Every structure is written in structure tokens, then in C-alpha cells.
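Q: got a sequence here, can you build the structure:
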Amino acid sequence: MNALSLNGVSKRFGGLEAVRDVHMDVPHGERRALIGPNGAGKTTLFNVIAGDLPVTSGNINVFGQDVTGMPPHRRVKLGLTRTYQTSALFDTLTVAQNMYLGVIGPAGSRHFDMLRLAEKDIAHQERALQVIEAVGLGDRVTTSTGDLSHGERRQLEVGLAIAYKPRLVMLDEPAAGLSPEERHILIDLLNSLEQDITLLLIEHDMEVAFNTSERVTVLHDGRVIVEGTPEEISANDVVQKVYLGERLHD
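A: Got it, this is the predicted structure:
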């Protein structure tokens, strides 16, 4: 079964077609990178898949279910989670408290009520600590999130994305702003994710993209121009032209 299937997905903003007739199948358990130059439509495509933006045309299937008109919170319940280019963390809460909120999932306004009851919620606390250890923040459990380094914040964001036991995780430029050492930590973290988790990531850092993905999809001017293994993509003349800034003919 495919974790994600896009069938003729397009997104238009007035006269601008940011995403153009995208067809893409991501099998369950696959690691897929979505790459392309700035303005290629990558984040817009993520926003459409997650339900943050409605499609103009086409349809989206997640694990065989049509989610095209489904609101974001219902897609989360199907197992789809994502991160954003900018951090979406509660800086005044500790790492453990942030992760606990991620573990209990989309409970709406009850989140902060749950924080008051957290001491009695042993099962969710244990899950939160397990994920914190898995993303390499075991020594930062009681640290205020606002005191984390940029790399540690990225680690926490990945942890939040997997805390609710998702089946499909979408990461939007997780390596942005990371040092070389932090990038290697991120690569190891992504490669350590359970094989049952399908991973789709937008990434400009080719070291991260090619070392964490089984297949790569390249977008240019809102459309898919080529797909293949990291080795095939790195040797592809069309991809080389795109990254050199040359225009392609339709």
C-alpha cells in the first residue's frame, strides 16, 4: 500500500500556479526526499498534503483514504504529522512538557489541562521520555525549550513529529541552519526511525537528502521533472541544469 498518493494535484494562487499537476506515489515505509530550487513549490505541496491549503485540482490519498477535503486534524488522526520551516515550540515549557503535549496528540483545548494532570499520566510520560531519548535529548529533559541550541530545537521538532506514533512524517527543511556536526546528528536520527514510519522530507542540503532517502523527487516550477535513487538524481543532467539556474522547456 502507498502511504501517500498524489493524483494530478495542482494549487493556484490567482494567476500563479505554484503546484502543477503533480503525480507521486510514496510506498509505506519508504524514505523520500523532495528537492528543487527556491520557488519550486515544495512547501506549497507540503501545505496541500497536510491540509493547511486546499487543492485547486486533483486528489490526495493517505494510506488508501481520500483526504482531499479533510481538515488537518483528521489527517493527523490518520497518522500524518509534519514540521514547518520555522519552529513551532513552546519556549517557556521544558523539553519534557513539549514532548508530553506531542504524545497526547490533537486534544484541542485540553492540552494545558493535561499538563496539570501529567504527574498521574504515567503511560504518556514514559512515551515522552522514550522519544526524548530517541532524539538524543536525554540530558535536556528539564531544560526550558527556549534555552536549547538551534540543532537541539530541530531534534525536538523531529521528536514531536514522531511522538504521536505517526505512520507518515513530513519534515520541511529539518537541516536548515545546522552546523556540519548537527547535520550528522540529524542524519543518524532520521536513519534510526522505525522502518514502519514513512518519511517525506524537503531538503536543500544534498548530504542530508541523499543520505537519508531511498528515492528522490525533483520539483521545478511546481511540477515533478524527475524521480530516482539518490545516485540517479545526482548524475542527472536535467537536475544539474535546474540547480545551475537554467530554464527548462515545458
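Q: flag the shaky bits of this structure, pLDDT-wise.
A: Along the chain, segments meeting pLDDT under 70 span 106-120, 244-250.
Q: strands of that one, start to end?
A: 2-13, 16-27, 31-35, 57-62, 65-66, 80-82, 168-172, 198-202, 215-220, 223-228 (DSSP state E).
Q: the first one to strand 198-202, inter-axis angle?
A: Right, strand 2-13. Angle of strand 2-13 versus strand 198-202, following axes from the mean of the first three to the mean of the last three CA atoms, to 10 degrees, is 30 degrees.
Q: can you tell me what sits against strand 2-13?
A: With CB atoms under 8 Å, 6 or more residues apart in numbering as the test, strand 2-13 has contacts from 17-30, 41, 44-45, 48-49, 53, 55-64, 167-168, 198, 200, 222. All C-beta atoms are positioned from the backbone trio N, CA, C, and that covers glycine.
Q: tell me the gap between it and the middle of its chain.
A: On the basis of CA atoms, centre = their mean, to the nearest Å, strand 2-13 is displaced by 16 Å from the centre of the chain it belongs to.
Q: on that earlier part again, closest to Arg127 out of the strands of the chain?
A: Relative to Arg127, the nearest member of the strands of the chain by CB to CB is strand 80-82, separated by 14.6 Å.
Q: can you give me the neighbour number for Leu53?
A: By the criterion of other CB atoms under 10 Å, Leu53 has 17 neighbours.
Q: what sits closest to it if chain neighbours are left out?
A: In space, and not counting its chain neighbours, Leu53 is closest to Asn47: 4.3 Å by CB to CB, 6 or more residues apart in numbering.
Q: returning to that earlier point: between the strands of the chain, which one is closest to Ala209.
A: Here strand 31-35 is closest among the strands of the chain (CB to CB), at 4.0 Å.
Q: listing partners with orientation, what would you give for the closest one?
A: strand 198-202 (parallel), strand 215-220 (parallel) (DSSP bridges).
Q: how about the helices in this structure?
A: 42-50, 72-77, 95-104, 111-117, 122-134, 150-163, 180-191, 206-212, 230-234, 237-243 (DSSP state H).
Q: ok, now how distant is the residue lying closest to Glu157 once chain neighbours are set aside from Tyr243?
A: Nearest non-adjacent residue to Glu157, counting by CB to CB, 6+ apart: Thr83, 4.9 Å away. Distance of Thr83 to Tyr243, computed by CB to CB, to the nearest Å: 24 Å.
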